[in-house]
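Enquirer: need coordinates for the following:
(3 chains)
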Amino acid sequence: MIVRDRRLRWPIMANLEAAVRGQRVSRVERRAKYLIIRLQGGALIVHLGMSGSLRLVGGRTAPKPHEHWDLVLDSGQVLRFHDPRRFGSLFWTQEEPGEHPLLKKLAPEPLSAAFSGAYLFRITRKRAVAIKQLIMNSQLVVGVGNIYASEALFRAGISPRRAARRLTRAEALKLTGAIKAVLKAAIKIGGTTLRDYVNADGLPGYFRQKLFVYERAGEHCRVCKTIVRQFTQGQRSTYWCAVCQH
DNA sequence: ATGGGCACCTGGCTGC
DNA sequence: TGCAGCCAGGTGCCCA
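Expert: Numbers count the residues shown, from 1 in each chain, chains lettered A, B, ... in the order given. Next up is the predicted model:
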């Protein structure tokens, strides 16, 4: 492990290089938006934040700006982390990764059976918070970021401002279905590239072309031709169609 | 327990 | 051209 800049969202622990040295990678997993790289004696927990990326490069490739750390592999390659904004993070844990404070309280995965209409209906019952903010709460469901929150609500025909507790049972079912559908559809074509996102092979995601409302303020709704509107919720931009969503 | 607001950063774009 | 201002794919934490 080579760390060039420890200043990520949380400083990278001082002796992480020594802790990791010589260990074999046993398995790579994901929980919510955290990547878990299991080694023999523990695990690396990686988050890409908003601008982070990982690429496999040749071991002698000179690091460019914002390439903060390398996981040096015995294949001669290195797994290189790039993150201009430094909202990403890197932790080493010797306990079961799921027990780490950042992972311990995470809610069900959106594509799991546990994230059902019945579950969403139940957890929304006593909450006054707007439904868009609720589905972005990682203690209630993980993996729904700002793009897919707006998109799923559009697909479900539900206003992002609706108080969570005002959802009917049928709407809760419809919304869980919309979240699952939009995530599956986006994953299938490589995700959403807004500006510079590329995957590990350097290719962009093509879901941007399929967006109904996100970043389309002032444009015509693709269903009813009404002008798509934008406003702010919890310091994040929300996009919606006032005719298609209630 | 819930909800609102702030914080962490840099880069790119817009408009004067 | 230069520069100020604004915005951005996330999410933990503090406070009321």
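
Enquirer: the longest helix along chain A packs against which elements?
Expert: Looking across chain A with DSSP state H, the single longest helix is helix A:169-188. The contact analysis (3 or more C-beta pairs under 8 Å, 6 or more residues apart in numbering; DSSP states H and E) places helix A:169-188 against helix A:117-124, helix A:131-135, helix A:146-156. C-beta coordinates here come from the backbone N, C-alpha and C atoms, glycine included.

Enquirer: cutoff 7 Å now
Expert: Contact here means 3 or more C-beta pairs under 7 Å, 6 or more residues apart in numbering; DSSP states H and E; on that basis helix A:169-188 packs against helix A:117-124, helix A:146-156.

Enquirer: who does the next helix or strand after that helix pair up with?
Expert: Following helix A:169-188 in sequence order, the next helix or strand is strand A:229-233 (DSSP states H and E). In its sheet, strand A:229-233 lies beside strand A:236-240 (antiparallel), with partners assigned from DSSP bridges.

Enquirer: buried ones in the partner strand?
Expert: A:238-240 (16 or more other C-beta atoms under 10 Å).

Enquirer: surely residue A:175 touches residue A:156?
Expert: Yes. Proximity of residue A:175 to residue A:156 meets the contact threshold set by C-beta atoms under 7 Å, at 4.4 Å.

Enquirer: between the two ends of stretch A:137-154, how far is it?
Expert: When the termini of stretch A:137-154 are compared using C-alpha to C-alpha, to the nearest Å, they are 18 Å apart.

Enquirer: what about it, near DNA strand B?
Expert: No. Using C-beta under 7 Å from any atom of the strand, stretch A:137-154 stays clear of DNA strand B, with a minimum separation of 7.7 Å.

Enquirer: can you list the domains in chain A?
Expert: Domain assignment for chain A by automatic domain parsing gives A:2-99, A:117-240.

Enquirer: now do the same end-to-end measure for the first one.
Expert: Its first and final residues considered, domain A:2-99 spans 26 Å by C-alpha to C-alpha.

Enquirer: just how off-centre is it within its chain?
Expert: Chain-centre distance of domain A:2-99: 17 Å, with C-alpha atoms, centre = their mean, to the nearest Å.

Enquirer: alongside DNA strand B, which residues does chain A contribute?
Expert: Counting by C-beta under 7 Å from any atom of the strand, chain A sits next to DNA strand B at A:7, A:9, A:65-66, A:84-87, A:126-130, A:133-134, A:164, A:195, A:234-235.

Enquirer: where in chain A is pLDDT low?
Expert: Along chain A, no part satisfies pLDDT under 70.

Enquirer: just the C-alpha atoms of the longest helix of chain A, please, in CSV.
Expert: What follows is helix A:169-188 as a C-alpha-only set of coordinates in CSV (Å, rounded to 0.1, in the frame of the first residue of the first chain):
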residue,chain,number,x,y,z
ARG,A,169,-49.9,1.2,0.9
ALA,A,170,-50.3,1.0,-2.8
GLU,A,171,-48.0,4.0,-3.3
ALA,A,172,-45.4,2.5,-1.0
LEU,A,173,-45.5,-0.7,-3.1
LYS,A,174,-45.3,1.3,-6.3
LEU,A,175,-42.3,3.3,-5.0
THR,A,176,-40.3,0.3,-4.0
GLY,A,177,-40.9,-1.2,-7.4
ALA,A,178,-39.8,2.1,-9.1
ILE,A,179,-36.6,2.2,-7.0
LYS,A,180,-35.7,-1.3,-7.9
ALA,A,181,-36.6,-0.8,-11.5
VAL,A,182,-34.6,2.4,-12.0
LEU,A,183,-31.5,1.0,-10.2
LYS,A,184,-31.6,-2.2,-12.2
ALA,A,185,-32.0,-0.3,-15.5
ALA,A,186,-29.2,2.1,-14.7
ILE,A,187,-26.8,-0.6,-13.6
LYS,A,188,-27.5,-2.6,-16.8
